[in-house]
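Visitor: fold the following.
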Amino acid sequence: MSSSDMDALMCAGARTGEDQPEQDAPSQLATMARSRSLLSPHRPFVLADECISSWTTPYSIAFRHNISSVLSDTAFSRISDTILKGLETRTKKNYGAGLLRFTQFCDLMKIPESARMPAPEPIIAAFVAHYAGTVRHDTITGWLAGLAVWHALNGAKWQGSTMVAYTKKGAKKLEPPPTPKRPPVTLEHMHALFARLTLADTFDAAVFAVACCAFWGCRCLGELVVPSRGGFEDGKHVHAGVDVGMRATPSDPTDPVTALLHHRSINRGIPSGAPLFAFETSGTAIGWAPMTHDWFLERCNQVWVQAGLAPLTGHCFRIGGATELLLRGTHPDVVAVQGGWKSRAFLEYWRKIEQILPLFISDSFNQSRAQLLTNTMDDYRRRHGC
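Guide: Model prediction:
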């Protein structure tokens, strides 16, 4: 299975069922069937984030049968549910990717199903060595974390010990160079959204409100949008009916207060218990849908490509907004609080910002302003003893 097929598979997993109702299941199944790894009763066709809880082995089947003599199915399911509650949806998707890669490796090496769980340490080390030099060390680490959780869910001992540790150490030395960092979201990107989105449309109004709040609020997208249509979580995501504090904002057409008020006005039929950035639509029985991470970024990137700008990722909003605020003279303490950073974490973030300053300076600020910001951050570092 090629890398592009892998991407298609994970994309299909991320957008089936609740996430993209307009995509038909047969076409998704055809995409997934390209991989022989999936043509097994042990690996049912499920969403990517459900692989670690749904894919089985002869060991896991035997374990669940044996444990049923001691624990009821309800009690055991509660264990699994509790473990899975500790994982974010995107983490589970990444773990699903690692499980797929491991399965493909085992197929390639003709490793029988019975030897895949508990996976002996030499097999785990061989899996790491197989991808050494072709993927980044952090990616391999994430894959192994997913395999470890998959073992834990099925009562299997994880045997990634000394041999695996040394193999990972070597893989780090062999890892390919990092991909070029994507540029941050700048005011040019934000103004393109303002000019090209149809703000009289309920969906576009919600997209614009999310973009403005993420950029000027220096927030992670995961705090503003939901991972999937069924991914809303109380205590993590904000309800539409919540009172939002307003304060003075930059004089700019992308002012987040104006964007948020407009979103709430045009989407005023959204129930108070829905996600904050849900939008009205005739495409669902309930008349509205939550703004998902993928829908938001797809619409933003569609606009940016049309405007001749490069497509970006969600994290680019946070670093772009923080940089813009700092260059406008906003005190670092204010930016740190607004973005939810502690002093040391903010200074680590500042090292990333230093790398992208030229992208902002060339647009609207001169070199002296950048030097003033550097001096301000040096003072911030001294005050916080970092």
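
Visitor: list the contacts of the closest residue to residue 161 other than its chain neighbours.
Guide: Residue nearest to residue 161 in three dimensions, not counting chain neighbours: residue 121, with 5.9 Å by C-beta to C-beta, 6 or more residues apart in numbering. Every residue, glycine included, has its C-beta placed from N, CA and C. Counting by C-beta atoms under 8 Å, 6 or more residues apart in numbering, residue 121 touches 159, 160, 161, 162, 163, 164.

Visitor: now with 7 Å?
Guide: For residue 121, the contacting residues are 159, 160, 161, 163, 164, by C-beta atoms under 7 Å, 6 or more residues apart in numbering.

Visitor: check which helices and strands the helix or strand harbouring residue 208 is in contact with.
Guide: Element membership for residue 208 (DSSP states H and E) is helix 202-217. Contacts defined by 3 or more C-beta pairs under 7 Å, 6 or more residues apart in numbering; DSSP states H and E place helix 202-217 against helix 187-196, helix 256-266, strand 279-280, helix 293-306, helix 315-327.

Visitor: quick one: the residue nearest the centre of the chain and residue 205, what's the gap?
Guide: Against the mean C-alpha coordinate of the chain, by C-alpha atoms, centre = their mean, the closest residue is residue 90 at 5.1 Å. Here residue 90 is placed at a distance of 26 Å from residue 205 (C-beta to C-beta, to the nearest Å).

Visitor: again with residue 330
Guide: Distance from residue 330 to residue 205, by C-beta to C-beta: 27 Å.

Visitor: again, but for residue 239
Guide: 18 Å.

Visitor: neighbour-wise, which of the two wins?
Guide: residue 205 (24 against 15; other C-beta atoms under 10 Å).

Visitor: which ones are touching the more buried one?
Guide: 199, 262, 263, 266, 267.

Visitor: count the residues that sit near the second one.
Guide: Here the number of neighbours of residue 262 (other C-beta under 10 Å) works out to 17.

Visitor: helices of the stretch 51-200 of the chain, residue ranges please.
Guide: Ranges of helices in the stretch 51-200 of the chain, per DSSP state H, counting those that start in this stretch, are 51-54, 58-67, 73-85, 89-108, 121-131, 137-153, 162-174, 187-196.

Visitor: residues of the shortest one that come out buried?
Guide: In this case it means helix 51-54. By 16 or more other C-beta atoms under 10 Å, the buried positions in helix 51-54 come out as 51, 52, 53.

Visitor: swap in the longest one?
Guide: In terms of neighbour count (16+ other C-beta under 10 Å), helix 89-108 has its buried residues at 89-106.

Visitor: next, the angle helix 73-85 makes with that helix.
Guide: Helix 89-108 and helix 73-85 are oriented at 100 degrees to each other (axes from the mean of the first three to the mean of the last three C-alpha atoms, to 10 degrees).

Visitor: returning to that earlier point: and the helix holding residue 208, how far out from the chain's middle?
Guide: 18 Å (C-alpha atoms, centre = their mean, to the nearest Å).

Visitor: without its sequence neighbours, what residue ends up closest to residue 252?
Guide: Nearest to residue 252 is residue 187, by C-beta to C-beta, 6+ apart, at 7.3 Å.

Visitor: contacts only, for residue 134.
Guide: For residue 134, the contact set (C-beta under 7 Å, 6+ apart) comprises residue 176.

Visitor: cutoff 10 Å now
Guide: Residues counted as contacts of residue 134 (C-beta atoms under 10 Å, 6 or more residues apart in numbering) are 3, 140, 171, 174, 175, 176.

Visitor: look up how far residue 128 lies from the third one.
Guide: When C-beta to C-beta is the yardstick, residue 171 and residue 128 sit 6 Å from each other.

Visitor: any common contacting residues for these two?
Guide: In contact with both residue 171 and residue 128: 137, 140, 141, using C-beta under 10 Å, 6+ apart.

Visitor: do you know the pLDDT at the second one?
Guide: This means residue 140. pLDDT for residue 140: 95.

Visitor: hmm, residue 153 and residue 79 touching each other?
Guide: Yes: if you go by C-beta atoms under 10 Å, residue 79 and residue 153 touch, sitting 8.4 Å apart.
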